[in-house]
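Participant: sequence and predicted structure, then a few things I'm wondering about:
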Amino acid sequence: QVHLQESGPGLVKPSETLSLICTVSGGSIKSYYWSWIRQSPGRGPEWIGYFFYTMRAWYNPSLEGRVTISADMSKNQLSLRLTSVTASDTAVYYCAKLWGNDAFDLWGHGTMVTVSS
Amino acid sequence: DIVLTQTPLSSPVTLGQPASISCNSSQSLVQSDGNTYLSWLQQRPGQPPRLLIYKISNRFSGVPDRFSGSGAGTDFTLKINRVEAEDVGVYYCLQATQFPPMYTFGQGTKLEI
């Protein structure tokens, strides 16, 4: 059974880079499409982007230019980099597995990231 | 950009009674392949979202049959036949556009007993 675990710093300073890792266990990262999704306090989720190992990554246009999603196949890990962060990037960040191409059927428990000096 | 508007934003319900949540899209969600990629997720307090329904009306594995989805085009509905205590949480609709890829969530409906 596939399991997802996000990890990374809980506090990032404004203008710096947010970097998170999602470790995939119980299955190969090459087998599925993967996404990063975030949820600001009290708000609905926001899709950040998705990744499949044979394709370019696709990103939410609202974050294009600041975001990079990549993977380390040898470690079965997905990564997220978000540059030039501001307080509005404060959120719980989830990695999630895509079901077909249209829904997210498996989510990690999420990791809270606060942007503050 | 597609905007999904859910109503109501908050829904007090009675155990054993039905509940209904609407999701309206700012434009038709029918894709070029003829499919409509509208799904529903449940988020219990302190938990990540959980997939309930995909492609408008298909229940995901393990989802109780008291949950059902319907709709077409721009208007969609999630119904709970008889609300149970474990159904408390926030419900989101989600649309997927195939190309370029884009996924948009509704703002959520809080179901409370």
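Facilitator: Arrived safely, thanks for sending.
Participant: report the outermost residue of chain B with respect to its centre.
Facilitator: residue B:100 (22.5 Å; Cα atoms, centre = their mean).
Participant: wait, is that one part of a strand?
Facilitator: No - per DSSP: H, G, I helix; E, B strand; the rest coil, residue B:100 lies outside any strand segment and is coil.
Participant: what pLDDT does residue 104 get?
Facilitator: Answering for chain A, as no chain was given. Here, the pLDDT recorded for residue A:104 equals 96.
Participant: chain B is the one I meant
Facilitator: 97.
Participant: name the helix or strand for it, please.
Facilitator: Applying DSSP states H and E as the criterion places residue B:104 in strand B:102-105.
Participant: neighbouring strands of that strand in the sheet, and parallel or not?
Facilitator: strand B:89-97 (antiparallel) (DSSP bridges).
Participant: still on that earlier bit, number of nearby residues for the closest residue in space to the residue farthest from the centre of chain B that isn't next to it in sequence?
Facilitator: Distances taken as Cβ to Cβ, 6 or more residues apart in numbering or on different chains place residue A:58 nearest to residue B:100, at 6.6 Å, with adjacent residues excluded. Glycine gets a C-beta too; all of them are placed from N, C-alpha and C. Neighbours of residue A:58 under the rule other Cβ atoms under 10 Å in any protein chain shown: 20.
Participant: next up, the contacts around residue A:58.
Facilitator: If a contact means Cβ atoms under 8 Å, 6 or more residues apart in numbering or on different chains, then residue A:58 has A:49-50, B:100-101 as its contacts.
Participant: same check on residue B:38?
Facilitator: Residue B:38 touches B:23, B:25, B:29, B:55-56, B:69, B:71, B:76, B:93-95, counting by Cβ under 8 Å, 6+ apart.
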